[in-house]
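Novice: sequence first, then the predicted structure, then my questions.
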Amino acid sequence: MTQIAFIGGGNMATSIIGGLIRQGDTKASLIHVADPNAGQRQALQKDFGVQVHEDNQEAIAKADVVIMAVKPQVMKTVLETLQATLSKRQPLLISIAAGINVASLQSWSGCKAVVRCMPNTPALLSLGATGLFGSKEVSIDQRNMADALLRAVGLTVWVKTEAEIDAVTAVSGSGPAYFFLLMEAMIEAGQQLGLSEQTATKLTLQTALGAGQMALNSDVGPAELRRRVTSPGGTTEQAIGRFEDAGLRQIVATALKAASDRAAELSRQLAD
Ligand SMILES: NC(=O)C1=CN([C@@H]2O[C@H](COP(=O)(O)OP(=O)(O)OC[C@H]3O[C@@H](n4cnc5c(N)ncnc54)[C@H](O)[C@@H]3O)[C@@H](O)[C@H]2O)C=CC1
Ligand SMILES: O=C(O)[C@@H]1CCC=N1
């Protein structure tokens, strides 16, 4: 039976653990989580029945897979304290941290088989999207294992080059925040047009859900779906025209480039 250790039991780890438990293929007794925060440990134990540890070493003692779910800024210190054990046991190391490259993960941990991935917060509802990239030492079995773990919380996509992970971070890792921002703006605009906050919120959120589901289930792409909403001489045309005039596409391109650049910058800053 595969033993899984999470180092860091915060938001993302909780989402992934929740997905694994809900899916039912992974026994809670095989999941070990280490986190210095006692409240976090109690919540994980209570909600999912997983094994919790204050000590990272204890959590990885028998692990076949170690999932690093700490903030990028503490990754080096945390891995270096575990290096003796990890380099001896050689588990599959999976990192979900933004902007930490495979070479750094290998050098800090002593693990050869490393998967760097970028999930997102809808993983909490098993509606996540994760991009993955593996070092050449990752075996087919280990790749399948990493894929199955992340598939428990949504869609998985393997990329061919590590640089693509920065783009994945910009598109789907940070992506939920962009849609939330658009929702905030639509709710505010709806209120300015006379709707109550509650009505504007309900209509906006249901519209976001409907549009997402339609785009996912349709034979045609988002551009055609947009055209189908846009009657010639009608109302949507007016709104879309304002978005285009204001340079929405360029704004989005600039924003995603900034996110991708920051991921690359973090990799450089945090690398050895
Ligand atoms: N929040 C997001 O949307 C996404 C975050 N990520 C990545 O996931 C990672 C975790 O992010 P979140 O879960 O949002 O952060 P978080 O702050 O909720 O979780 C981090 C956890 O690590 C624990 N921790 C701190 N020091 C530790 C140590 N020495 N040993 C073990 N645990 C320790 C903290 O107590 C905390 O519970 C980050 O590297 C981030 O880049 C990746 C994709 C999306
Ligand atoms: O903002 C961040 O750095 C993390 C990575 C992707 C989403 N949240």
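Specialist: Good, I have the coordinates. Remember, predicted model here, so these are calculated numbers, not experimental data. Ligands and ions are numbered 1, 2, ... in the order given.
Novice: domain assignment for this protein?
Specialist: Listed by automatic domain parsing, the domain ranges of the chain are 4-166, 175-264.
Novice: out of those, flag the one nearest residue 271.
Specialist: Set against residue 271 and scored by Cβ to Cβ, the domains of the chain come closest in domain 4-166, at 4.8 Å. All C-beta atoms are positioned from the backbone trio N, CA, C, and that covers glycine.
Novice: how far away is the closest residue to ligand 2 within the stretch 101-250 of the chain from residue 239?
Specialist: Residue of the stretch 101-250 of the chain nearest ligand 2, by Cβ to the nearest ligand atom: residue 173 (3.5 Å). Separation of residue 173 from residue 239 (Cβ to Cβ, to the nearest Å) stands at 29 Å.
Novice: those two: which is more packed in?
Specialist: The residue with more neighbours, out of residue 173 and residue 239, is residue 173; 25 against 13, by other Cβ atoms under 10 Å.
Novice: quick check: that one touching residue 121?
Specialist: No - contact criterion Cβ atoms under 8 Å: residue 173 and residue 121 do not qualify, at 9.2 Å.
Novice: can I get the CA coordinates of the helix or strand hosting residue 189 in PDB?
Specialist: Assigned by DSSP states H and E, residue 189 belongs to helix 175-192. C-alpha atoms of helix 175-192 as PDB (Å, rounded to 0.1, in the frame of the first residue of the first chain):
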ATOM      1  CA  GLY A 175      -6.400  31.800 -12.700                       C
ATOM      2  CA  PRO A 176      -9.200  31.400 -10.100                       C
ATOM      3  CA  ALA A 177      -8.300  34.900  -8.800                       C
ATOM      4  CA  TYR A 178      -8.900  36.500 -12.200                       C
ATOM      5  CA  PHE A 179     -12.400  35.000 -12.500                       C
ATOM      6  CA  PHE A 180     -13.100  36.100  -8.900                       C
ATOM      7  CA  LEU A 181     -12.000  39.600  -9.800                       C
ATOM      8  CA  LEU A 182     -14.300  39.700 -12.800                       C
ATOM      9  CA  MET A 183     -17.100  38.500 -10.500                       C
ATOM     10  CA  GLU A 184     -16.400  41.200  -8.000                       C
ATOM     11  CA  ALA A 185     -16.500  43.800 -10.800                       C
ATOM     12  CA  MET A 186     -19.700  42.500 -12.200                       C
ATOM     13  CA  ILE A 187     -21.400  42.500  -8.800                       C
ATOM     14  CA  GLU A 188     -20.300  46.100  -8.200                       C
ATOM     15  CA  ALA A 189     -21.500  47.100 -11.700                       C
ATOM     16  CA  GLY A 190     -24.900  45.300 -11.200                       C
ATOM     17  CA  GLN A 191     -25.300  47.300  -8.000                       C
ATOM     18  CA  GLN A 192     -24.500  50.500  -9.800                       C
END
